[in-house]
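> Predicted model, plus sequence, below.
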Amino acid sequence: MTTRAADGDTPLWLFADQLGPRVHGGEHAHRPIVLIEAESALRRRRSHRQKLHLILSGMRHAAAELGDRAALIRAGTYTEALRAYGRPVLVHEPTSAAAEAFVHRLHRDGLVADVLPAATFALPRNEFRQWAGDRTRFRMEDFYREQRRRFDVLMEDGAPVGGRWNFDTDNREPPPKGRATLDVPPPYRPDEDDIDAQVRRDLDAMGLDTVGVDGPRLFAVTPAEADKALRQFVADRLPTFGRYEDAMLSGDWAMAHSLLSVPLNLGVLHPLDAVHAAEQAYRDGAAPLAAAEGFIRQILGWREYMWQLYWHFGPDYSERNHLHADTPLPDWWTGLDAEAVDAECLRQALAGVRDRGWAHHIQRLMVLGSHALQRGYNPRELSDWFASSFVDGYAWVMPTNVIGMSQYADGGKVATKPYTSGGAYISKMSDHCGHCRFDPKKRLGPDACPFTAGYWAFTHRHADVLAANMRTARAVSSMKRLSDLDAVLEQEHRRETF
Ligand code: FAD
């Protein structure tokens, strides 16, 4: 789009996930800034209370830091706010297809002067389009290697540092035995201030229909906080990252994860800043290559890949339902009623969502996602649930993670096989099973593990799809050898408690 109506003084409108200096600094540093708290956006869906807090806190902190440069407008809708503001504004491409269509409508109506390229990801969308070309097969690994070359990260003389592209994938360990926590320094925790206190009062007064509990703010929402969170993570926790990425411990909700998805998704931390900090730690000898490379792959690889594929696959992708999964999400799930759940792994993951709006990656994929896949929850409903119940949930990040990676509803465009397992995997990678009323080794009987039995029920239901895939065909042959399969299927058909 050309900058017809825009000039050097045209104000810049920031959405709540575009709050960082890479969006409003640099060539835009002299523009007036417009921030809009639209009640329609807050009420659109039933969101986690702490997510709404983070969004309002982020916007109000941005307005306070930008001082006289910023106008924070409270209105019923974005359109009302822009009309009241009275001057056409610039805006960067928003992060969802619906918002993108909306800003283009506003452009036609003259409320938006121009739409600028997105500024919160490393790779411009047009460069991805060139890379994608007419490719039909997408592999994250190909994209990741291109990203490493493109941004010259962990490269030496055109080759990956250390002679390999990946270091930690074959190196994921179970949690250390006999320990309740990983024993790494705790993650950065911001100090709440008067802005947070006011946000809390305002949210109480608005009487919104939210999920989850309120709680202290745990995540960075300003560029300065994000910088502190990043520095603290790199210094204290990065060296342990990767090794225990797939491990779960009952006493350690954060493990060695970075907790940076919130500031990254709010746009207050740029992905390349996080990547460069990790690379520097490796080059300074402060973090092993495996840990730095593993973290960089998550951000420069997975995160960027998910963002780009969201646009590349388009809106129909979210409607994919390859496995014809149509079970509605149960009330205990949508209401985050962790106490209604007996399986310790599922109870802890759901309690994490209730108490913090956050659970770590392996809980999302191999506990929550795996349970949903086994029980045939509708992928679209599940995707909406993740988007609104997680503090880092946004429209762009859900389709490929939930529809693709976690639910295989795209028939294998993102993941090479459905990600699910029996209780043995959870037992190996966590300390949950030791204090669970179910036995991960049992598939039949009152203490049969719902993941173990659920795995066989899932394998049976989708035997045709799984048998046709080299990576899952063995599961079908093993299932056929189970002498008690009919009884297991009957039990799972009738199962009421998890
Ligand atoms: P770390 O483990 O410290 O990883 C570092 C960073 O890598 C993260 O902050 C994140 O920005 C990035 N990252 C790693 N994997 C992914 C990925 N697959 N997609 C996008 N970014 C990635 N991420 C979200 O940002 N929002 C979500 O709503 C979300 N929902 C998910 C749902 C499912 C079913 C699955 C399987 C994954 C989901 N993820 C989501 C990806 C990932 O689980 C979270 O980014 C991560 O758990 C956030 O915690 P962290 O910042 O401590 O991450």
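Nice, I can see it. Numbering: from 1, shown residues only.
> Okay, buried residues for the strand or helix carrying D486 please.
Following DSSP states H and E, one finds D486 within helix 485-494. Within helix 485-494, the residues scored as buried using 16 or more other Cβ atoms under 10 Å are 485, 488-489, 491-492. Every C-beta, even on glycine, is put in place using the N, C-alpha and C of the backbone.
> roughly how far apart are A487 and A463?
17 Å (Cβ to Cβ, to the nearest Å).
> what's around the closest residue to L56 other than its chain neighbours, how many residues?
Nearest residue to L56, sequence neighbours excluded (Cβ to Cβ, 6 or more residues apart in numbering): V199, at 4.6 Å. V199 has 22 neighbours, counted by other Cβ atoms under 10 Å.
> which SSE is V199 in?
Element membership of V199, judged by DSSP H and E, is helix 194-206.
> List the contacts of that helix.
39, 42, 49, 52-53, 56-57, 60-61, 64, 210, 214, 217 (Cβ atoms under 8 Å, 6 or more residues apart in numbering).
> what do you get for stretch 228-238?
Stretch 228-238 is contacted by residues 184-185, 187-188, 190, 219-220, 256-260, 263, 269, 273-274, 277-278, 281, 286-287, 291-292, 295 when judged by Cβ under 8 Å, 6+ apart.
> Let's verify A349: helix, strand, or coil?
Three-state call for A349 (DSSP: H, G, I helix; E, B strand; the rest coil): helix.
> That one touches V367, doesn't it?
Yes: between A349 and V367 there is a contact under Cβ atoms under 8 Å: 4.4 Å.
> Touching both of the two, which residues are there?
Joint contacts of A349 and V367 (Cβ under 8 Å, 6+ apart) are A359.
> all strands for the stretch 251-400 of the chain, in order.
In the stretch 251-400 of the chain, no strands are defined using DSSP state E, counting those that start in this stretch.
> what residues does it put near the ligand?
257-261, 264-265, 298-299, 302-303, 306, 360-361, 364-365, 369, 386, 390, 392-393, 397 (Cβ under 6 Å from any ligand atom).
> Report the buried members of those residues.
Using 16+ other Cβ under 10 Å, the buried ones in these are 257-261, 264-265, 298-299, 302-303, 306, 360, 364-365, 369, 386, 390, 392-393, 397.
> just to revisit the earlier point, for the buried residues of helix 485-494, which one is nearest the ligand?
E492 (22.2 Å; Cβ to the nearest ligand atom).
> if we can go back for a sec, farthest-apart pair in the contacts of helix 194-206, please.
Maximum pairwise distance among the contacts of helix 194-206 (Cβ to Cβ): 24.3 Å, between A64 and T210.
> Neighbour count: the two, which is higher?
T210 (20 against 14).
> can you list contacts of stretch 137-146?
Stretch 137-146 has contacts (Cβ under 8 Å, 6+ apart) with 131-132, 160, 165-166, 297, 300-302, 304-305, 308-309, 413-414.
> buried sites along it?
Buried-residue list, stretch 137-146, by 16+ other Cβ under 10 Å: 138, 140, 143-144.
> now do stretch 79-93
In stretch 79-93, counting by 16+ other Cβ under 10 Å, buried: 79, 81-82, 85, 88-93.
> With pLDDT and secondary structure added, can I get those residues in CSV?
CSV is the format used below for the buried residues of stretch 79-93 (pLDDT from 0 to 100; DSSP: H, G, I helix; E, B strand; the rest coil):
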residue, pLDDT, secondary structure
T79, 97, helix
A81, 98, helix
L82, 98, helix
Y85, 97, helix
P88, 97, coil
V89, 98, strand
L90, 98, strand
V91, 98, strand
H92, 98, strand
E93, 97, coil
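> Looking at the residues you listed, point me to the pair that's furthest apart.
So, these by Cβ to Cβ: farthest apart are Y85 and E93, at 20.1 Å.
> Between the buried residues of helix 485-494, which sits nearest I403?
E492 (24.0 Å).
> residues contacting the closest one?
For E492, the contacting residues are 450, 453-454, 456-457, by Cβ under 8 Å, 6+ apart.
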